[in-house]
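Asker: when you get a sec, could you give me coordinates for this:
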Amino acid sequence: MIEAEGLTKRYGTKLAVDHVSFRVEPGQVTGFLGPNGAGKSTTMRMIVGLDRPTAGHVEVNGKPYAQHHAPMHEVGSLLEAKAVHTGRNARNHLRALAATHGLPGKRVDEVIEMTGLAAVAKKRVGGFSLGMGQRLGIAVAMLGDPRTLILDEPVNGLDPEGVKWVRTMVRYLADEGRTVFLSSHLMSEMAITADQLIVIGRGRIITSGPVQEVIDRTSGTSVTVRSPQAAQLAERLAGEDVAITVIEPGHLAVRGLEAAQVGEVAAREGLVLHELTPVRASLEEAFMTLTADDVEFHSASGSPHASHATEGAQA
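Answerer: Below you'll find the predicted structure:
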């Protein structure tokens, strides 16, 4: 479990994380979402003691990270995959970490096999592709067989097979009762993988909750209706909290009513329906709505000199 209370981090005049409080429960995959510069990476670094909070505190499995006697058994993290000695091969890098933390040598072989690194285990890390570097970072995170896993953009640079492997792995770990906390820019993948979401913007928690609940709360649902009597149906459906958009003649998009309610009105009025389909917003649509006012950089539409969110912005 991860518990943060009033967690705050200031870099000079920049308030990177602003009094955030949240809980990440075991047995679930919790997604951490936010635009560049929102405070995701800074929050994750404070969890594992790489940055000291300006105020507030955070505990992992009941203690601050620094107070655990065997931290790699408690927390495995992937925060910067390139933070390795590039002259070492993958196996020796893992062996050095295992020896430093009193872990058995056989565990190195286990994580190499687990992460698909067997074919490149004797190659120098400096020659690794981005995807292989990510796999090595995940192998390091898993080395201590931790109760809690913190992964910052774990699928960055992975091919579709690698992305699916990460999804399967984190779901398996959560099903074992472990705490899994991860960030990702792949909204479609997060929608499949995560059980819970925490959304942060400009250093503050915007919303949190189960994935579908966050989507529905943010974007709501709509109903696609096709009928040769669409105009009459629209009149019957009209109400204070109902929004009806005419997509084209005979085709309506209805917000504020469930599909069953639309069907009942049509049946009661004797109106013919050719289609009645509930439509849920995607996580990406909900994310864009939630964070529209919280991105640090906006592109100027249509301008060749548009400014874009910088990859190196403090996250």
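
Asker: mind listing what's buried in the lengthiest helix in the chain?
Answerer: Longest helix of the chain, by residue count under DSSP state H: helix 160-175. Buried positions in helix 160-175, judged by neighbour count with 16 or more other Cβ atoms under 10 Å: 162-163, 165-167, 169-171, 173-174. Where C-beta positions appear, they are placed from N, C-alpha and C, glycine not excepted.

Asker: which strand or helix spans the spatially closest residue to Thr42 that is not a sequence neighbour?
Answerer: Computed as Cβ to Cβ, 6 or more residues apart in numbering, the closest residue to Thr42 that is not its neighbour in sequence is Ala16, at 4.6 Å. Here Ala16 sits within strand 14-24, counting by DSSP states H and E.

Asker: one step back: check contacts around the residue nearest to Thr42.
Answerer: By Cβ atoms under 8 Å, 6 or more residues apart in numbering, Ala16 lies in contact with 9-10, 39, 42, 203, 314.

Asker: mind checking how far Gln67 is from Met1?
Answerer: 15 Å (Cβ to Cβ, to the nearest Å).

Asker: what about stretch 99-117, start to end distance?
Answerer: This stretch, stretch 99-117, spans 19 Å end to end (Cα to Cα, to the nearest Å).

Asker: just to revisit the earlier point, listing partners with orientation, what would you give for the helix or strand just after the longest helix of the chain?
Answerer: With elements assigned by DSSP H and E, the helix or strand that comes after helix 160-175 is strand 179-183. According to DSSP bridges, strand 179-183 forms sheet pairs with strand 28-33 (parallel), strand 148-152 (parallel).

Asker: please work out the average pLDDT along strand 179-183.
Answerer: Mean per-residue pLDDT for strand 179-183: 96.

Asker: also stretch 244-255?
Answerer: 93.

Asker: which parts of that stretch are buried?
Answerer: Those would be 244, 250, 252, 254, for stretch 244-255 by 16+ other Cβ under 10 Å.

Asker: related to what we said a few turns ago, the strand holding Ala16 vs strand 28-33, what angle?
Answerer: 160 degrees (axes from the mean of the first three to the mean of the last three Cα atoms, to 10 degrees).

Asker: off-centre distance for strand 14-24?
Answerer: With Cα atoms, centre = their mean, to the nearest Å as the basis, strand 14-24 stands 16 Å off its chain's centre.

Asker: and that strand, which strands flank it?
Answerer: Counting by DSSP bridges, strand 14-24 is paired with strand 2-11 (antiparallel).
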